[in-house]
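# 3D, please:
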Amino acid sequence: MSDVEIVARTPKQRWYKSLFVQVLIGIALGITTGLLFPEFSHHLAPLGEGFIKLIKMVVAPLIFLVIVTGIAKVGSMKALGRIGGQALLWFTAATTCALGLGLLVGNLVHPGSGLHIDPATLDTTALDQKTQGGHLPGGVEFIMHIIPTSVVDAFAQNNLLQVLLFAILFGVALASFSESAPPVLMEVLDQALHVIFRVVGYIMYLAPLGAFGAMAFTVGNYGAGSLKSFGMLILACYGAALLFIVLLSIVVKLITGVNAWKFVKYCRAEFMLALGTGSSEAVMPRIIKKLDNAGCDRAVVGLVIPTGYSFNLDGAAIYLSLAMMFLAQAVGVDLGFGQQLAIMGILILSSKGMAGVPGSAFVALSATAAAIGAFPVAAVALLLGADRLMDSMRVFTNLLGNCLATFVVANWGGLLDKDKMRAVLDGKITPDDPDDVTVHPHPGHEHLTDTSAPVAIDAPGTLATSLSAKGSVNGHA
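Here you go, the predicted structure:
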């Protein structure tokens, strides 16, 4: 049982200052603008793109610092290897289940039946522009691509897997000196991590504007017409994703005790922002901080989250397998059981190398269609109008899947503080985050803020609490 320090909560934040409310308003205004002024909404795309670029600017150094400081505290190469192995095991199992569910729903719903599309009539020019002639890397090519040409190049290209590799090596090397060398470097890295999180806090002030621009552009370009054309496919994908999330939540609840609904509520601002911008990477820094505060060990969070962005794309897996069934049915091809097994096998491998490939979903679908040879690759162009409408499903499912995977891996390794997790998700305590610019706008001057008298929180039998003047949650800082 852990000891958690808390104090009386600060006065409740005004509703209009909540990031969740601000992002929600931004999304609503974006939808309205896209519907009423579709031509004007084209000019709003830079708002969303600029915000995502600002977040990507700090992702590489953030991942490096989180992993290095986490590994240095774990200090065991054996423990590190166990965390990585367990994460890959969970990723493979979750992706396989997601692909299987997509195929099952495709067989039951038949979203492409009755379309009678002739692939020869489809214009593949837009498909070629979308994929930019890219291809999914083979096994050797993928592994070689993880090794950076130089450390500087890994950070310059913002290649997370390359940054991850260097961070692991650096963290292990730093941990080997932990007993003989003074902890000066560790302190510098830890302080640098706090600086990066504070930079993220400043950028998040622009989140509502980014959500507004991204949503206005999306609705203006892919409005109600696309919804009508691909209605059955969209319903099938979103329904399959909802079923997958429910089943996944039940399994994770049995393994870790984590309530997925409470976690989504705890991270509601991050999920809403991810949906608004259509990018789960836009909230990676905030999600890392939230998982850290919710009791997951920093080393686990630092390894599982960035790796999951490449290896655990549950939402994309559902879409890819269901899209293959849709395309086959749309051109009048009946896929046999053996062909569907082949599709699952190919997508299990190809989905791991999708990150960073332009038009990765179309590349994966084209490669799979070519491999099974059941219908012309040109049929993939049929999905050009529907792909963007699947972003919300993919983003939400991918993000939640990676977060729940973090809890599972942390629990397997005995690195999940369940008392702290329950207290935070139940809302019994609010971690005092020194990097939160809305709570601590002036670092180092917290003593100037007015704090009220401590109030005990009654949670008998579930949490041992002690009161302090600072109101911080100890452990996994």
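
# okay, CA-based contacts and neighbour counts for the rest of this
Fine.

# near Ile372, how many other residues are there?
For Ile372, the count of nearby residues is 15 (other C-alpha atoms under 10 Å).

# worst-scoring helix or strand of the protein, pLDDT-wise?
Each helix and strand of the chain was given a mean pLDDT (mean pLDDT, DSSP states H and E); the minimum falls on strand 464-467 at a mean of 37.

# give me the below-cutoff pLDDT ranges for the stretch 151-300 of the chain.
For the stretch 151-300 of the chain, the stretches flagged by pLDDT under 70 are 178-182, 222-229.

# what about the nearest residue to Ile372 once chain neighbours are set aside, which SS state?
Closest residue to Ile372 apart from its sequence neighbours, by C-alpha to C-alpha, 6 or more residues apart in numbering: Gln339 at 6.7 Å. Look at Gln339: counting by DSSP: H, G, I helix; E, B strand; the rest coil, its state is helix.

# quick one: Gln339 and Phe375 touch, right?
No. In this structure Gln339 lies outside contact range of Phe375 using C-alpha atoms under 8 Å: 11.5 Å.

# more neighbours: the two, which one.
Remark: of Gln339 and Phe375, Phe375 carries more neighbours, 20 against 14, as counted by other C-alpha under 10 Å.

# which ones are touching that one?
Listed by C-alpha atoms under 8 Å, 6 or more residues apart in numbering, the contact set of Phe375 reads Ala328, Val331, Val333, Ala369.

# now with 7 Å, please.
Ala328, Val333, Ala369 (C-alpha atoms under 7 Å, 6 or more residues apart in numbering).

# put the buried members of those into a ChimeraX selection.
Of these, the buried ones go into a single ChimeraX selection, burial set by 16 or more other C-alpha atoms under 10 Å:
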select :328,369
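
# and the contacts of Phe375, which is closest to Met57?
Ala369 (35.9 Å; C-alpha to C-alpha).

# just the pLDDT for the closest one.
pLDDT for Ala369: 79.

# list phi and psi for the closest residue to it other than its chain neighbours.
Leaving aside its sequence neighbours, Ala369 sits nearest to Val377 (C-alpha to C-alpha, 6+ apart; 5.7 Å). Dihedral pair for Val377: phi -60, psi -30, per degrees, to the nearest 10.

# so Val377 touches Leu365, yeah?
No. The pair Val377 and Leu365 fails to qualify as a contact (C-alpha atoms under 7 Å) at a distance of 8.3 Å.

# so between these two, which is more surrounded?
Using other C-alpha under 10 Å, the more surrounded residue of Val377 and Leu365 is Leu365, with 23 against 18.

# and that one, what helix or strand is that in?
helix 360-372 (DSSP states H and E).

# packing partners of that helix?
Judged by 3 or more C-alpha pairs under 7 Å, 6 or more residues apart in numbering; DSSP states H and E, helix 360-372 is in contact with helix 125-131, helix 337-350.

# what about the helices in the stretch 201-350 of the chain?
Per DSSP state H, counting those that start in this stretch, the stretch 201-350 of the chain has helices spanning 207-221, 224-229, 231-256, 260-266, 268-277, 284-293, 298-311, 314-330, 337-350. These are given in chain order.

# and these as JSON lines, adding distance to Ile31?
Shown next, in JSON lines, are the helices of the stretch 201-350 of the chain (distance: least, C-alpha to C-alpha, whole Å):
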{"stretch": "helix 207-221", "distance to Ile31": "5"}
{"stretch": "helix 224-229", "distance to Ile31": "11"}
{"stretch": "helix 231-256", "distance to Ile31": "18"}
{"stretch": "helix 260-266", "distance to Ile31": "23"}
{"stretch": "helix 268-277", "distance to Ile31": "10"}
{"stretch": "helix 284-293", "distance to Ile31": "24"}
{"stretch": "helix 298-311", "distance to Ile31": "27"}
{"stretch": "helix 314-330", "distance to Ile31": "23"}
{"stretch": "helix 337-350", "distance to Ile31": "34"}
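
# and of the ones you listed, who's closest to Ala98?
With C-alpha to C-alpha as the measure, helix 314-330 is the member of the helices of the stretch 201-350 of the chain nearest Ala98 (5.2 Å).

# dihedrals phi and psi, Tyr158?
Quick fix: residue 158 is Asn, not Tyr. Dihedral angles (degrees, to the nearest 10) for Asn158: phi 60, psi 40.

# burial count for it?
Count around Asn158 with other C-alpha under 10 Å applied: 18.

# list the contacts for the nearest residue to it once chain neighbours are set aside?
Nearest non-adjacent residue to Asn158, counting by C-alpha to C-alpha, 6+ apart: Ala60, 5.9 Å away. By C-alpha under 7 Å, 6+ apart, the contact set of Ala60 is Phe155, Asn158, Leu160, Val163.

# and Gly30, by the same measure?
Contact analysis of Gly30 by C-alpha under 7 Å, 6+ apart lists Phe212, Gly213, Met215, Ala216.

# Phe37 versus the second one, what's the distance?
Just to be clear, that refers to Gly213. Separation of Gly213 from Phe37 (C-alpha to C-alpha, to the nearest Å): 13 Å.

# how about the third one?
Distance check for Met215 against Phe37: by C-alpha to C-alpha, it reads 13 Å.

# more crowded one of those two?
Shown here are Met215 and Phe37; by other C-alpha under 10 Å, Met215 has more neighbours (29 against 15).

# give me the pLDDT value at the nearest residue to the more buried one once chain neighbours are set aside.
Of all residues beyond its chain neighbours, the one nearest Met215 is Gly30 (4.9 Å), with distances taken as C-alpha to C-alpha, 6+ apart. pLDDT for Gly30: 85.

# same thing with Val473?
What the model reports as pLDDT for Val473 is 38.

# please begin residue numbering at 35 from this point
Sure, I'll start numbering at 35, so the last one becomes Val507.

# OK, contacts around Gly136?
Each residue near Gly136 by C-alpha under 7 Å, 6+ apart is listed here: Ala274, Ile352, Tyr353, Ser355, Leu356.

# now name the helix or strand holding it.
For Gly136, the host element (DSSP H and E) is helix 111-143.

# pLDDT on that helix, on average?
Mean pLDDT, computed over helix 111-143, is 89.

# next one: Gly310 from Val57, what distance?
Remark: distance between Gly310 and Val57 (C-alpha to C-alpha) = 8 Å.

# revised request: answer the last question for Leu198.
30 Å.

# chain neighbours aside, what residue packs nearest to the residue nearest the centre of the chain?
The chain has Leu433 as the residue nearest its centroid, 3.2 Å off, counting by C-alpha atoms, centre = their mean. Counting by C-alpha to C-alpha, 6+ apart, Ser314 is the residue found nearest to Leu433 once chain neighbours are left out, at 6.2 Å.

# the inter-axis angle of the host helix or strand of Leu63 versus helix 302-311?
Following DSSP H and E, one finds Leu63 within helix 53-70. With axes from the mean of the first three to the mean of the last three C-alpha atoms, to 10 degrees as the basis, helix 53-70 and helix 302-311 are set at 20 degrees to each other.

# which positions in whichever helix or strand comes after helix 53-70 come out as buried?
Sequence order places helix 72-75 as the next helix or strand after helix 53-70, per DSSP H and E. Counting neighbours by 16+ other C-alpha under 10 Å, one finds that the buried residues in helix 72-75 are Pro72, Ser75.
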